[in-house]
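Visitor: I need the structure of the sequence given here:
(chains A and B)
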Amino acid sequence: MDEYITIALPKGKLFDKAVNMLAKVGYSAENVVEDSRKLVISNEETKVRFIIAKTVDVPTYVEYGAADIGIIGKDVLNEQGKDVVELLDLDFGRCRLMMAVPEATKRANLTDYAHTRAATKYPNCAKRYFDKLGIQVELIKLNGSIELGPIVGLSESIVDIVETGTTLRENKLVEIDSLFTATARLIANRASFKLKFARLHKLVEDLRVVVAENAAAKAAKK
Amino acid sequence: MTNKIYQVPYGTKDILPGEMKARRRVESAIIDVFDKWGYDEVKTPEFEYTETFGSAGTEFDFRLFDRKNNLLVLRNDMTAPIARLTATRLRDGEKVKRLCYLANLYRYEEIQAGRQCQFEQAGVELMGASGPAADAEAIVLAAEALKAAGLQKFAIIVGNVDFINGLAEEAGFSNEQTEDLKKCLRRHDAVAMQEMANNMQGIRSEIKQLFADFLFLQGGKDLLEKMQGIVANAKCQAALEDLLKIYELLEVYGIADHVSMDLGLYRSFNYYTGMLFEIYLPELGYPIAGGGRYDNMLESFGVHAPATGFAIGVDRVMLALERNGSVSNNRSCDVLVAYAEGALKKAIERACSLRAEGRSVKLATEPMTMEEAAAAVKEYSCSTLVLVE
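Guide: Down below sits the predicted model:
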């Protein structure tokens, strides 16, 4: 273990669970917190280094090899299509990308939306989806508060991430189709995966056990 | 006065004087190694008729029309042009042909992570030979070229596309399913592989497990031997046998400690038919070289001959050298010959004789005083000043 493993962690809703999960398999350092003033946090003893990055930047750090591995939602991976190795489904942060319209304008069939103006943070996923359905679309890229689009007349529909659907209901929007379900993934840089294979393979095996334990605990609760 | 800054097209860049000097040294070192191994350098046109690359084309082609409306494409790969050249111009030559090249290639790609729209490759094609000896030669030559360029630390990852084909056969995959499998491997998607394995029915659990672990089938000779005991499929067995023989030859060449086997290795070009490999360095997040066996490519140009080869990304070599601090963009020249009023003719003679001795010489373009000459020798990065009076 002569070399460091650098891990890119996403700020936001995946952060705490990602840190906990890595700590369980011995990948931890002092003061790995979301609002850390330090940009890089190292653990000399275990040769681990953490980078705390903006969510959408995690795949970029990993693709370039600035980080060896990272944890990131499948939604971001699908949107960016970066050339990284997708190693493991960590089975948390579950959400889905879906299309919604205002309740009042809901139509009977999906194909009834022959043309739509859709607001989204995920223009690439949305384009692929509408292309497949043969729906002609004008995509409006927004960076937040997507639900606002139909309310203020900016768009007729939205393509956005939902977890529980509360925000949709509050804004009188109704889901009409789901594009895909996403969970957090462990990703690796292509070169790191080859050059540090033994260590990363062990990490995946260890995390696999934790994922299975979490799933069993969740099932027992139910 | 105008302030307009002229731009170069998207995905292209200039190479400046010191940088180019360093690059030329690296290019020469690589081509010298190829030459030492008996490879003859060739040059093909920057653009070709589209049919050379298969008329279907790809989304990253730069296409253009000539004046007769023929569709042309800026070459996006050197393997096809070399195959064309060999099949048409060198048809009657020796049975085994060894060619090498240094070429600019063009692909319309998003410029990120080591990709530009115009980039340079140095590579070889070994045509007319099948079997482990040729494949091992290709791998070793790539490693030797990188060493000559100044890169000593690297990992060579070797696989065989027939192992993948054989496992697909073993699982009873349709062509479409096999394509899906290759897509997952090309995208390095272990999660999708796991899902694929979970959905398999009526297949031995050991085989199912191999699909789930496909991206993790990496290791040395022991991995190959272990796999021989697990997979009975004839194609897989042949692929493993081939890799074992290649590995043994790499041991003889003394580079086996750089090598690991990766049975899930699959590369973007779909013309590979057997062994394939990639080389990675600690300095870069993406491969620096790659290649493999392509036994059917020459067939499409009307000649039946097996072939193997590789290409090294020269821009990536330069970036790696820069990162590990071993490249110098030093523009220095040995001597500045300056001269006093009326001494130009003598100065020219002096400059010529110094050049004949093998020194690099800049000759001043106007007469100088001692003080001016002392300043000029610094400005023009020359190590020695000769003032002719």
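Visitor: Now do the same contact list for A:Arg169.
Guide: Counting by C-beta atoms under 8 Å, 6 or more residues apart in numbering or on different chains, A:Arg169 touches no other residue. (C-beta placed from N, C-alpha, C; glycine too.)
Visitor: Please spell out the segments of the chain that come in under the pLDDT threshold.
Guide: Going with chain A. Scanning chain A for pLDDT under 70 picks out A:1-2.
Visitor: Switch to chain B, please.
Guide: Along chain B, the model assigns pLDDT under 70 to residues B:1, B:55-56, B:111-113.
Visitor: Near the nearest residue to B:Phe301 once chain neighbours are set aside, how many other residues are there?
Guide: Of all residues not flanking B:Phe301 in the chain, B:Ala87 sits nearest, at 3.5 Å (C-beta to C-beta, 6 or more residues apart in numbering or on different chains). B:Ala87 is flanked by 19 other residues according to other C-beta atoms under 10 Å in any protein chain shown.
Visitor: Would you indicate which residues of whatever helix or strand B:Ala87 lives in are buried?
Guide: B:Ala87 belongs to helix B:79-89 when assigned by DSSP states H and E. For helix B:79-89, a neighbour-count test (16 or more other C-beta atoms under 10 Å in any protein chain shown) marks B:79-87 as buried.
Visitor: Contact residues of chain A facing chain B?
Guide: Taking C-beta under 8 Å from any C-beta of the partner chain as the measure of proximity, chain A contacts chain B at A:3, A:60, A:63-66, A:82-89, A:185, A:189-195, A:197, A:201, A:204.
Visitor: Residue of chain A closest to chain B, please.
Guide: A:Gly65 (2.3 Å; C-beta to the nearest C-beta).
Visitor: And for that residue, nearest residue in space, chain neighbours not counted?
Guide: Spatially, and ignoring its direct neighbours in sequence, A:Gly65 is nearest to B:Gly285 (2.3 Å; C-beta to C-beta, 6+ apart).
Visitor: Which secondary structure state is assigned to the one you found?
Guide: coil (DSSP: H, G, I helix; E, B strand; the rest coil).
Visitor: export the buried residues of helix B:79-89 to CSV and tack on distance to B:Ile139?
Guide: As requested, these are exported to CSV (distance: C-beta to C-beta, whole Å):
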residue, distance to B:Ile139
B:Thr79, 16
B:Ala80, 22
B:Pro81, 23
B:Ile82, 18
B:Ala83, 20
B:Arg84, 25
B:Leu85, 24
B:Thr86, 21
B:Ala87, 25
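Visitor: Which pair in the residues you listed has the greatest spatial separation?
Guide: Greatest spatial distance among the buried residues of helix B:79-89 (C-beta to C-beta): B:Thr79 and B:Ala87, at 12.2 Å.
Visitor: any residues in contact with both of those two?
Guide: Common contact partners of B:Thr79 and B:Ala87 (C-beta under 8 Å, 6+ apart): none.
Visitor: Name the helix or strand for B:Tyr247, please.
Guide: B:Tyr247 belongs to helix B:234-253, assigned by DSSP H and E.
Visitor: The helix or strand following that helix pairs with which strands?
Guide: Sequence-wise, the next helix or strand downstream of helix B:234-253 (DSSP H and E) is strand B:259-262. Using DSSP bridges, strand B:259-262 pairs in its sheet with strand B:155-160 (parallel), strand B:218-219 (antiparallel).
Visitor: Point out the most buried one among these.
Guide: Using mean count of other C-beta atoms under 10 Å in any protein chain shown, the stretch among the strands paired with strand B:259-262 with the greatest mean number of neighbours is strand B:155-160 (a mean of 24).
Visitor: which residues sit against the helix or strand following it?
Guide: Next helix or strand after strand B:155-160 toward the C-terminus (DSSP H and E): helix B:161-170. The contact list for helix B:161-170 (C-beta under 8 Å, 6+ apart) reads B:177-178, B:181-182, B:185, B:203, B:207, B:210-211, B:227, B:231-240, B:242-243, B:263-264, B:266, B:272-274, B:276, B:292.
Visitor: quick check: angle from helix B:161-170 to strand B:155-160?
Guide: Interaxial angle, helix B:161-170 versus strand B:155-160 (axes from the mean of the first three to the mean of the last three C-alpha atoms, to 10 degrees): 40 degrees.
Visitor: Only the buried subset of the contacts of helix B:161-170, as a PyMOL command please.
Guide: Buried residues among these (16+ other C-beta under 10 Å), as a PyMOL selection:
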select buried, chain B and resi 178+181+182+185+207+210+211+227+231+233+235+236+237+239+240+242+243+263+264+266+272+273+274+276+292
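Visitor: The contacts of helix B:161-170 also near chain A: which ones?
Guide: Taking C-beta under 8 Å from any C-beta as the test, chain A is in contact with none of the contacts of helix B:161-170.
Visitor: Provide a list of residues in contact with the residue nearest to A:Gly65.
Guide: Shown in contact with B:Gly285 (C-beta under 8 Å, 6+ apart): A:63-66, A:189-192, B:113-114.
Visitor: now do A:Leu148
Guide: For A:Leu148, the contact set (C-beta under 8 Å, 6+ apart) comprises A:119, A:142, A:154, A:171.
Visitor: How about B:Gly274?
Guide: The contact partners of B:Gly274, by C-beta under 8 Å, 6+ apart, come to B:135, B:160-162, B:239, B:242, B:292-293, B:295, B:308.
Visitor: tell me the domain ranges of chain A?
Guide: Residue ranges for the domains of chain A, per automatic domain parsing: A:5-93+A:183-221, A:95-181.
Visitor: Packed most tightly, which of those domains would that be?
Guide: It is domain A:5-93+A:183-221: most buried of these by mean count of other C-beta under 10 Å, with a mean of 19.
Visitor: tell me, what residue is most central in the chain?
Guide: You didn't say which chain, so I picked chain A. When C-alpha atoms, centre = their mean is applied to chain A, the residue found nearest the centroid is A:Gly73 (1.7 Å).
Visitor: sorry, should have said chain B
Guide: Central residue of chain B (C-alpha atoms, centre = their mean): B:Ile312, at 1.7 Å.
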